[in-house]
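Provide a 3D model corresponding to the input given below.
(2 chains)
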Amino acid sequence: MIVKVLYFGRLKELSGSSEESVEVRDGARIEDLFAHCSMSRPELRKFRASLVAARNREFAAWDTPLRAGDEVGFLPPVSGG
Amino acid sequence: MTTSHRHDRIELTREVIPSGAIASEVRADEDGAVATFDGCVRNHSHGRSTLHLEYEAYESMALAKMREIAEHLHAHYAIDRVAMVHRLGRLEIGETSVFIAVSSAHRAAAFDACRYAIDTLKKTVPIWKKEFFADGAVWADGEVPPAPAASADAETPAAEPASN
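Residues are numbered from 1 along each chain as shown, chains lettered A, B, ... in the order given. You can find the predicted model right below:
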């Protein structure tokens, strides 16, 4: 199934893009998606501990199962205000 | 999921924030107070001179989270209207990056709600700030938003191991 991945802030700069479509196996969870995305960009891995994930614009646990068409954001610590 | 209050103004903008107009707009005749928070760009950060800032957002989610904050204010404080506007893009020293205005019949609720709104925005709304200095730029240290530790949809954990 295909999901959309969004990168922001320093992750966007590291990954070189702000969004991409990724094919993952059925039953994949957010952490599987992050592992998949990190394969081509190993530098993402060192940020994993400080990231939170969002699924369809809501904060989500890393073990959240994905569905086709989901929009997943990997969010660095926020600094608005 | 949430009803939106007709008079609230929740926005992201790339233009100068019209703070004065927004503060006037939230006041109705039954209000006795308008509390505002004006977050502006400071000329220094961690001892270095800041040249300018750039803000970016996960816009659809940021607006949803800002609306959730406004709903929380209506549910928990005796307030009338809420305005919450955050600017994106390049900002110069002294410019307003975020403006919050809350009206109420009596001042305590407006002060308390305004304080809750900015504190919560800084912790939970997906917006990022990049600070530009003479010798480079850095993404500001931020706050890790609270997120669920485990998914409610996740598979049921394996049955408890037999006692030993």
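
What are the buried residues along stretch A:11-30?
Neighbour counts over stretch A:11-30 (16 or more other C-beta atoms under 10 Å in any protein chain shown) mark A:11-12, A:15, A:22, A:24, A:28-30 as buried. For glycine as for every other residue, the C-beta is placed from the backbone atoms N, C-alpha and C.

And for stretch A:60-67?
Buried residues in stretch A:60-67, counted by 16+ other C-beta under 10 Å: A:60-66.

Kindly list the main-chain dihedrals of residue 64?
By default, I'm working from chain A. phi -70, psi 130 (degrees, to the nearest 10).

Find the nearest non-adjacent residue to it, please.
Excluding the flanking residues, the one nearest residue A:64 by C-beta to C-beta, 6 or more residues apart in numbering or on different chains is residue B:151, at 4.1 Å.

can you list the buried residues of stretch A:11-30 in CSV and add distance to residue B:135?
Output for the buried residues of stretch A:11-30, formatted as CSV (distance: C-beta to C-beta, whole Å):
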residue, distance to residue B:135
A:11, 23
A:12, 22
A:15, 25
A:22, 37
A:24, 41
A:28, 42
A:29, 42
A:30, 37
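
now the most centrally placed residue in chain B, what's its secondary structure?
In chain B, the centroid-proximal residue (C-alpha atoms, centre = their mean) is residue B:121; its distance is 2.9 Å. Here residue B:121 is recorded as helix under DSSP: H, G, I helix; E, B strand; the rest coil.

hang on, the earlier thing: filter the buried residues of stretch A:11-30 down to the ones in strands?
Within the buried residues of stretch A:11-30, residues falling in strands by DSSP state E are residue A:22.

so which of the buried residues of stretch A:11-30 are also by chain B?
A:12, A:29 (C-beta under 8 Å from any C-beta of the partner chain).

How about the residues of chain A by chain B?
A:6, A:8-10, A:12, A:29, A:50, A:52-54, A:57-61, A:63-65, A:73, A:75-81.

6 Å instead?
For chain A, the contact set with chain B under C-beta under 6 Å from any C-beta of the partner chain comprises A:8-10, A:52, A:54, A:57, A:59, A:61, A:63-65, A:73, A:75, A:77-81.

And the buried ones among these, selectable in ChimeraX?
Buried subset of those, written as a ChimeraX selection, criterion 16+ other C-beta under 10 Å:
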select /A:8,9,10,52,54,57,59,61,63,64,65,73,75,77,78,79,80,81
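
Report whether stretch B:128-144 contacts chain A.
Yes - applying C-beta under 6 Å from any C-beta, one finds stretch B:128-144 in contact with chain A at B:128-129, B:139-140, B:142-144.

most surrounded residue in these?
residue B:128 (24 neighbours; other C-beta atoms under 10 Å in any protein chain shown).

Tell me who's in contact with it.
A:8-9, A:79, B:56 (C-beta atoms under 6 Å, 6 or more residues apart in numbering or on different chains).

Can you tell me which of these lies closest to residue B:48?
Closest approach to residue B:48 among the contacts of residue B:128 (C-beta to C-beta): residue A:79, at 15.9 Å.

so that closest one makes contact with residue B:140?
Yes - the criterion here is C-beta atoms under 6 Å, and residue A:79 meets it with residue B:140 at 4.0 Å.

Could you save the buried residues of stretch A:11-30 as TSV and add columns showing pLDDT?
As requested, those are exported to TSV (pLDDT from 0 to 100):
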residue	pLDDT
A:11	95
A:12	95
A:15	89
A:22	96
A:24	97
A:28	98
A:29	98
A:30	98
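
Can you classify residue B:94 by secondary structure?
coil.
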